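Engineer: return a 3D structure for these sequence lines:
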Amino acid sequence: MPSANNAAIVEISQTANKFRSSIVLQYDNKYIDVKSILGLFTTLLSSSNYDLHVHGPDAEEAKKAMAEVFSKHNLGVNIVEE
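Structural biologist: A predicted model of the protein is given here:
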C-alpha cells in the first residue's frame with residue numbers, strides 16, 4: 001500500500017478538529033486520536049485497515065466529513081456504527 005502523504009494527514013487532522021466529537025482511528029489493538037497529527041503519521045504509514053469511531057454531539061456530520069476526506073486521499077476506512 002502506498003504511504004499516506006503529508007497533505008492527507010494534515011487534511012484529515014484539520015477536518016477532525018472542526019468537530020467537537022471524539023474521533024478515534026483504530027487499527028489492530030491501537031487507538032489514535034485523529035486530531036493528533038503525530039498519531040496520524042505513525043498510524044497511516046503502518047496500516048491499511050482502519051476503523052473510525054466517532055462519538056459526540058456532532059457525530060453524524062463528523063462521520064460524513066471524515067469519510068469524504070479519507071476517500072479523497074484513497075484511504076480505506078470503516079465508520080463504526082455503535
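
Engineer: only C-alpha atoms from now on, for both contacts and neighbour counts.
Structural biologist: OK.

Engineer: helices and strands of this protein: which one has the lowest mean pLDDT?
Structural biologist: Least confident helix or strand, the chain: helix 37-44 with a mean of 85, by mean pLDDT, DSSP states H and E.

Engineer: the following helix or strand past it pairs with which strands?
Structural biologist: Per DSSP states H and E, the first helix or strand lying C-terminal to helix 37-44 is strand 51-55. According to DSSP bridges, strand 51-55 forms sheet pairs with strand 22-27 (antiparallel), strand 78-79 (parallel).

Engineer: next, format the ones you listed as TSV and append mean neighbour count, mean pLDDT and distance to residue 56.
Structural biologist: TSV is the format used below for the strands paired with strand 51-55 (neighbours: other CA atoms under 10 Å; pLDDT from 0 to 100; distance: least, CA to CA, whole Å):
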stretch	mean neighbour count	mean pLDDT	distance to residue 56
strand 22-27	20	93	6
strand 78-79	15	94	14
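
Engineer: that older thread, and the least confident helix or strand of the chain, how far out from the chain middle?
Structural biologist: Helix 37-44 sits 10 Å away from the centroid of its parent chain (CA atoms, centre = their mean, to the nearest Å).

Engineer: residue 41 versus the most far-flung residue of the chain relative to its centre, what's the distance?
Structural biologist: In terms of distance from the mean C-alpha position of the chain, residue 57 ranks first, at 17.6 Å (CA atoms, centre = their mean). Residue 57 sits 27 Å away from residue 41, taking CA to CA, to the nearest Å as the criterion.

Engineer: returning to that earlier point: got JSON lines for the strands paired with strand 51-55, with distance to residue 37 too?
Structural biologist: Listed next are those as JSON lines, based on distance: least, CA to CA, whole Å:
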{"stretch": "strand 22-27", "distance to residue 37": "12"}
{"stretch": "strand 78-79", "distance to residue 37": "20"}
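
Engineer: which ones are touching the residue lying closest to the residue farthest from the centre of the chain once chain neighbours are set aside?
Structural biologist: Nearest residue to residue 57 in three dimensions, chain neighbours excluded: residue 21, at 6.0 Å (CA to CA, 6 or more residues apart in numbering). By CA atoms under 8 Å, 6 or more residues apart in numbering, residue 21 lies in contact with 54, 55, 56, 57, 58, 59, 62.
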